[in-house]
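Undergrad: Below are the sequence and a predicted model; questions follow.
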Amino acid sequence: MIYLELFLGFLKVGCFAFGGAYGAIPLIRDVVMSYGWLSDEMLTYMIAVSESTPGPIMVNLATYIGSNQAGFLGAFVATLAVVLPSFFIILLVTALLKTALKNKYVQAVLRGLKPCVIGIVLATGIYMVLGNCFDTISAIKVNMQSIIITALLVASMFCYKHFVKKKLSPILLIVISAVAGMLVYGI
């Protein structure tokens, strides 16, 4: 039964994950919470780990959650389910690419999806920042360590762009975040 649940849950994520991994995080959260596979806090940690490890976030999360719930076979089933829709869509798009991209209706759909994806990514980012900087939104219990790290990362991004005239590399941002985490939370 767990294999079918993993397959159907992550197939849904794979089918409706427009905008890449960050756009899929709310879908993954919905599926994981509805089945009770992880707590919200553990899912947030796994998103951070999946983001900092090589590979797509959706695949990393599916593999971890599948492994956590049903071992190696569960990891395989969840990973297969999350990549299967993309695989078939890529096959279809490759076959129809030349004519489809020129179609005005396809262009209209793609232009219409852009604001939706931007909103989903922004809402997820705000949710994660608020969830990490404030222990509970209703009681507004401030987590100063998280606020310090968030402020340090934002300041690093702006200062780097101002002085070096380039965007800060995500790799360097992850390293700064890890060092700040060690300094603030202690080794």
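TA: Yes, it's here.
Undergrad: Is the residue nearest to the spatial centre of the chain within a helix or a strand, and which one?
TA: If you average the C-alpha coordinates of the chain and look for the closest C-alpha using Cα atoms, centre = their mean, you land on residue 22, 3.8 Å from that point. With the criterion set as DSSP states H and E, the secondary-structure element containing residue 22 is helix 21-35.
Undergrad: And the next helix or strand past that helix?
TA: Taking DSSP H and E, what comes next after helix 21-35 is helix 40-52.
Undergrad: Tell me the buried residues in that next one?
TA: Of the residues in helix 40-52, those with enough neighbours to count as buried (16 or more other Cβ atoms under 10 Å) are 43, 44, 46, 47, 48, 50, 51. C-betas here are computed from N, CA, C, even on glycine.
Undergrad: In which helix or strand does residue 108 reside?
TA: When secondary structure is defined using DSSP H and E, the element that contains residue 108 is helix 104-133.
Undergrad: pLDDT of that helix, averaged?
TA: Mean pLDDT, taken over the full extent of helix 104-133, equals 83.
Undergrad: now what about whichever helix or strand comes after that helix, what contacts it?
TA: Sequence-wise, the next helix or strand downstream of helix 104-133 (DSSP H and E) is helix 144-164. Defining contact as Cβ atoms under 8 Å, 6 or more residues apart in numbering, one finds that helix 144-164 is touched by 129, 132-133, 166-168, 172-173, 176-177, 180-181, 184-185.
Undergrad: Leaving out chain neighbours, which residue sits closest to residue 128?
TA: Using Cβ to Cβ, 6 or more residues apart in numbering and skipping residues adjacent in sequence, the residue nearest residue 128 is residue 44, 6.5 Å away.
Undergrad: no no, residue 100
TA: residue 106 (5.2 Å).
Undergrad: do the same with residue 176
TA: The shortest distance from residue 176 to any residue other than its chain neighbours is 5.5 Å, reached at residue 156 (Cβ to Cβ, 6+ apart).
Undergrad: Would you mind measuring from the closest residue to the residue nearest to the centre of the chain other than its chain neighbours to residue 7?
TA: When the adjacent residues along the chain are set aside, residue 22 lies closest to residue 121, with 4.4 Å between them (Cβ to Cβ, 6+ apart). Here the criterion is Cβ to Cβ, to the nearest Å. By it, residue 121 lies 26 Å from residue 7.
Undergrad: Perfect, that will be all.
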